[in-house]
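*Asks:* Any chance you could fold what I've pasted below:
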Amino acid sequence: MSAAGEAIPVKMVREDLENIPHFNLPAGYSLRAYEPGDEAHWLGIHLAADHYNSITPELFQAQFGSDPVSLAQRQFYLLDAEAKAIGTGTAWFNDHFKGRRFGRVHWVAILPEFQRHGLAKPLMTAICTRLRELGHQRAYLTTATARLPAIKLYLHFGFVPLIANQTEEVVWRGLLSDLAPNPAESDGSR
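*Replies:* Below you'll find the model as predicted:
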């Protein structure tokens, strides 16, 4: 069963934050922390990039609150050569996930026209590194089955499926099958 065409919520976990893959930003791009007023940038990025969630102006406040110090420590913005915010991701937290304190890779998005430009891996490096710097020993994230490139990225960063029941096991089996290399494509025959 392939779930890739559907947007079924799934969770992934990384039980330690050691040996985080390191990727540098391509030339012409930079990364900065949250600054007051970035709520508008966050909203614009997610409205353009996220077709699976209901993105509203109130969502930022509901997800992150309004503590600018915490946001400046935890939220990143990718900038293009003109210093325009083109992506975002947050090194958030959940003190009660699975009965323990977890860091959370939260609300990662890049404007569609900047996707597949080598920006997601450096953003993930920054998020996971910041989680570790803030004392988190493990992390989790929530995504959707339709986001195959994101799931592939998270697997590359050492996150593994979090399977809580038989239904999730079936969903993940289909996802991992969808992500497996196709031998016909790798040998040049198509």
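
*Asks:* low-scoring pLDDT stretches of the chain, where are they?
*Replies:* Where the chain drops to pLDDT under 70, the residues are 1-5, 183-190.

*Asks:* Give me the residue at the spatial middle of it.
*Replies:* residue 108 (4.0 Å; C-alpha atoms, centre = their mean).

*Asks:* got the contact list for it?
*Replies:* Shown in contact with residue 108 (C-beta atoms under 8 Å, 6 or more residues apart in numbering): 87, 88, 89, 90, 120, 123, 124, 127, 141, 150. C-betas here are computed from N, CA, C, even on glycine.

*Asks:* How about residue 19?
*Replies:* Neighbour list for residue 19: residue 158 [criterion: C-beta under 8 Å, 6+ apart].

*Asks:* helix/strand/coil for it?
*Replies:* Put simply, residue 19 is coil when judged by DSSP: H, G, I helix; E, B strand; the rest coil.

*Asks:* what's the answer for residue 122, then?
*Replies:* Taking three-state DSSP, the label given to residue 122 is helix.

*Asks:* Tell me how many other residues surround it.
*Replies:* As a burial measure, residue 122 scores 19 neighbours (other C-beta atoms under 10 Å).

*Asks:* Kindly report the same for residue 74.
*Replies:* Neighbour tally, residue 74, other C-beta under 10 Å: 23.
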